[in-house]
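Novice: give me the fold of what follows.
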Amino acid sequence: MVLDELNEFLSRQGHNFKMVLVRRSGFSVFSNLTAQYVSIYTRLLGASFVQLGLIGSVGGLVNAVISYPFGWLIDRYSSRKILMATLVAQVLVPLTYFLARDWTWVSVAMALSTFAYFCTDGVENVIIANSLKDEDRATGFTSITAISTIPAILVPIVAGGLLARMGGLQAANIKSLFLIQFLGLAAVAFYVGASLREMPIFRGGKQSPFEELRSVLSGSPYLKRWVFIDTLSSSSFAVMSQYIMVYAVEEGGADPLILGAMVSASALVSIVSAIPIGALADSIGRIRTIMILRPLFHGSTLLLLFAPDPRLLVFAWLLRGTFQPSLGVLAAYRNELVPESERGKWMGIRELFRGIFRIPAPILGGILYSRVSPQAPFLFHMFVDVFIRIPLLLTMPRTFKRPTHAVN
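Specialist: Presented below is the predicted three-dimensional model:
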């Protein structure tokens, strides 16, 4: 039933939507070899908890600098050429990690990674949003997330097994995974870059980027509120995100196989739940769907912090499996807040503010982790989300309305 619906949905989508799906799925195969080991690798190269946070701040700085100009470019120049350039940068990320000799090299890799992944996802999200009808948009975002997550069921376990056979969590062993990742990403990027078709270009008016920034934000009284909500969410998540897998290993006792099983468990639930979650969001509304899912994420965090046995971390990540589909719902929602011709600029505006406030967030996380408690960054994020972000989300308007259903 679900497979039939998915096949029918994909059959009516355009070529570039399918190319984005190929890109994300292919990159998912090779990115999941190393994703859970980046922070651990950085620690093995000698970084302290605060230095680990400092590296995360580099990502926020790069995001703040490039986000709005990049979003402005998306609305004016070839999406195909922009995406091809960002894919080249993305391929270079694992090569930079492979060449790292100490933790300071990782800051270079992080800067390149932030640029590459932000720009690639940014232009792809605009392509996806512009390719889908209103009634398909949440389903489209969650479906592409589900399909591209399929490799994450098996690949992390394979990576964990490889590390175990090579001798465990050692820097030299993780370097080998980065080299495999580099070669795989290069092959996928070459194929997708050669296959993409040109997209329509919205040339816009003669306003400067700053004039257009004011114009977009003045388009709806809710846009400024969404920027604040989005920024709050991103920065509070950045307080803890650098330390999730470090905590699982150093405090929770997880080994490479447990880490791999955690990611695989999350991927499995993400795949199974993505299409139903998208359909639910297209039925009852985006915000209501997020309200239903959010307790599962926080439950997974509490299990991470207080599980008496590391094997329970796998169950925690089963609960966390709905997190990626929920991001697809939010991606659909935020793109519906502005007209199609302004989605590039809108993406740049929100990422500009997110980037600015993500600069100090990982450093704050490192201070909380090392000087207050290892649990402190996680509890900080939970407090901000439950008592500030969620109440504000409930004040946001509906963006898509079916005739027979109430929505957010």
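Novice: quick check: closest non-adjacent residue to Pro362.
Specialist: In space, Pro362 comes closest to Gly56 once its chain neighbours are excluded; the distance is 3.0 Å by CB to CB, 6 or more residues apart in numbering. Every residue, glycine included, has its C-beta placed from N, CA and C.
Novice: meant to ask about Gln181
Specialist: Excluding its sequence neighbours, the residue lying closest to Gln181 (CB to CB, 6+ apart) is Pro94, at 4.0 Å.
Novice: sorry, back to before: how near is the residue nearest to Pro362 to Ile127?
Specialist: Separation of Gly56 from Ile127 (CB to CB, to the nearest Å) stands at 28 Å.
Novice: comparing these two, which shows the higher neighbour count?
Specialist: Counted by other CB atoms under 10 Å, Gly56 and Ile127 do not tie: Gly56 has more neighbours, with 26 against 22.
Novice: in contact with that one, which residues?
Specialist: By CB atoms under 8 Å, 6 or more residues apart in numbering, the residues touching Gly56 are 110, 238, 241-242, 358, 361-363, 365.
Novice: find me the pLDDT at it, would you?
Specialist: Note on Gly56: pLDDT of 80.
Novice: what helix or strand is Leu92 on?
Specialist: Assessed by DSSP states H and E, Leu92 sits inside helix 79-99.
Novice: any idea which helix or strand comes after that helix?
Specialist: For helix 79-99, the following helix or strand on the C-terminal side (DSSP H and E) is helix 103-131.
Novice: and that next one, what other elements does it pack with?
Specialist: Using 3 or more CB pairs under 8 Å, 6 or more residues apart in numbering; DSSP states H and E, the elements in contact with helix 103-131 are helix 15-31, helix 38-44, helix 49-74, helix 79-99, helix 137-149, helix 323-336, helix 343-358.
Novice: what do you get if the cut-off is 6 Å, keeping everything else the same?
Specialist: Secondary-structure packing of helix 103-131 (3 or more CB pairs under 6 Å, 6 or more residues apart in numbering; DSSP states H and E): helix 15-31, helix 49-74, helix 79-99, helix 343-358.
Novice: figure out how far it is from the centre of its chain.
Specialist: In terms of CA atoms, centre = their mean, to the nearest Å, the centre of helix 103-131 is found 9 Å from the chain centre.
Novice: kindly report the same for stretch 49-62.
Specialist: Mean C-alpha position of stretch 49-62 versus that of the full chain (CA atoms, centre = their mean) differs by 17 Å.
Novice: again, but for stretch 165-173
Specialist: With CA atoms, centre = their mean as the basis, stretch 165-173 stands 27 Å off its chain's centre.
Novice: check stretch 361-381 too.
Specialist: When distances are taken as CA atoms, centre = their mean, stretch 361-381 is centred 21 Å away from the chain's centroid.
Novice: from one end of it to the other, what's the distance?
Specialist: Stretch 361-381 has an end-to-end distance of 11 Å (CA to CA, to the nearest Å).
Novice: other residues contacting it?
Specialist: In this structure, residues lying in contact with stretch 361-381 by CB atoms under 6 Å, 6 or more residues apart in numbering are 49-50, 52-54, 56-57, 235-240, 242-243, 247, 251, 301, 305.
Novice: ok, 8 Å please
Specialist: Stretch 361-381 is contacted from outside by 48-57, 59-60, 235-243, 247, 250-251, 301, 304-305, using CB under 8 Å, 6+ apart.
Novice: of the residues you listed, keep whichever come out buried.
Specialist: By neighbour count, with 16 or more other CB atoms under 10 Å, the contacts of stretch 361-381 hold 49-57, 59-60, 235-243, 247, 301, 304-305 as buried.
Novice: can you pull the contacts of the spatially closest residue to Gly59 that is not a sequence neighbour?
Specialist: Nearest non-adjacent residue to Gly59, counting by CB to CB, 6+ apart: Thr114, 3.8 Å away. Neighbour list for Thr114: 58-60, 62-63 [criterion: CB under 8 Å, 6+ apart].
Novice: which one of those is nearest Val155?
Specialist: For these, the minimum distance to Val155 (CB to CB) is 23.4 Å, reached by Gly59.
Novice: related to what we said a few turns ago, secondary structure, distance to Gly26 and pLDDT added to the contacts of Gly56, as TSV?
Specialist: Output for the contacts of Gly56, formatted as TSV (DSSP: H, G, I helix; E, B strand; the rest coil; distance: CB to CB, whole Å; pLDDT from 0 to 100):
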residue	secondary structure	distance to Gly26	pLDDT
Met110	helix	23	83
Ala238	helix	27	90
Ser241	helix	24	90
Gln242	coil	26	87
Arg358	helix	28	83
Ala361	helix	31	90
Pro362	helix	29	90
Ile363	helix	34	91
Gly365	helix	32	93
